[in-house]
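*Asks:* Would you be able to build a 3D model of this:
(one chain, ligands or ions: 1)
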Amino acid sequence: MRRKLAAGNWKMNGTRAALAEVDTLGAPKGPSEVLICPPATLIAAAAGRVDGIAVGGQDCHAAEKGAHTGDVSASMLADAGATHVILGHSERRADHGETDAAVRAKTEAAWAAGLVAIVCVGETLAQREAGETLDVIGAQLDGSVPDGATAATTVIAYEPVWAIGTGKVPTNDQIAEVHDAMRERLKNRFGAESDGMRLLYGGSVKGSNAAEIFAVSNVDGALVGGASLKAADFGPIVEALDAAS
Ligand code: PEP
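*Replies:* Next comes the predicted model:
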């Protein structure tokens, strides 16, 4: 019912030469949706480059235009060929002080520009050790996802902050606990529409652990950082997701 999604977040990595990795990845052969989110400078060159590989941004401003030096609006991303945008990534929340309210406003801007918003949530290690994980995730979901979210416009990515770029991965039970709780919370708020909303896991996903993670309840794909930079690493993750479809 939910089409699986493999999304690559290149973060602040890559110049034009890196687009060769998209070429090497090649047109998807399986049922999964494949998305690459390169730096904003590469979106126009990446979009439409390979049939079936969608391109997204990593952030957008909440306003459509104006005096916001250095920022990029959702409609600019769309104009460059993006179809998706990652919002509220923990690195944006930490480095730029993005609050749930800011993420919510950006998500509304993304929708207005016709982009699919991939809204990120995740607890810190201190929050997990304090037993606060489900409360933190619930509050982030409530605060970051606007009213009116639909399966077509909104994807949620659960990314434990302590698992990003660290090689540490939660146990399957820990992932299932959060994903099941997110599904329930979205159901309470959005009703039947929530059944179609995809829930991605993110944090140190690799070819070697992907199949195990994709077998977990309510995991509809992955948001992948480091292992999305090279086709040789991202390709096996996409294959594992295809196999789980
Ligand atoms: C991310 O930053 O979205 C991410 C999941 O990074 P990594 O896969 O490198 O842990």
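*Asks:* need the contact list for the closest residue to the ligand within the chain.
*Replies:* In the chain, no residue comes nearer to the ligand than Gly225, which is 2.2 Å away by C-beta to the nearest ligand atom. Just so you know, the C-beta spots here come from the backbone N, C-alpha and C atoms, and that holds for glycine as well. If a contact means C-beta atoms under 8 Å, 6 or more residues apart in numbering, then Gly225 has Gly8, Asn9, Lys11, Ile164, Gly165, Gly202 as its contacts.
*Asks:* at 10 Å instead, please
*Replies:* Contact analysis of Gly225 by C-beta atoms under 10 Å, 6 or more residues apart in numbering lists 8-11, 13, 37, 89, 91, 159, 164-165, 202-205.
*Asks:* now do Thr24
*Replies:* Under the criterion of C-beta under 10 Å, 6+ apart, the neighbours of Thr24 are Val50, Lys230, Ala231, Ala232, Phe234, Gly235.
*Asks:* you'd agree it is in a strand?
*Replies:* No - Thr24: not assigned to a strand; according to DSSP: H, G, I helix; E, B strand; the rest coil it is helix.
*Asks:* could we number from 298 for the rest of this?
*Replies:* With the count now opening at 298, the last piece we talked about shows up as Thr321.
*Asks:* Against Arg495, how distant is it?
*Replies:* Thr321 sits 26 Å away from Arg495, going by C-beta to C-beta, to the nearest Å.
*Asks:* can you check Ile453 too?
*Replies:* For Ile453, the distance to Arg495 - C-beta to C-beta - is 7 Å.
*Asks:* who has more neighbours, those two?
*Replies:* Using other C-beta atoms under 10 Å as the criterion, Ile453 and Arg495 rank with Ile453 on top: 28 against 21.
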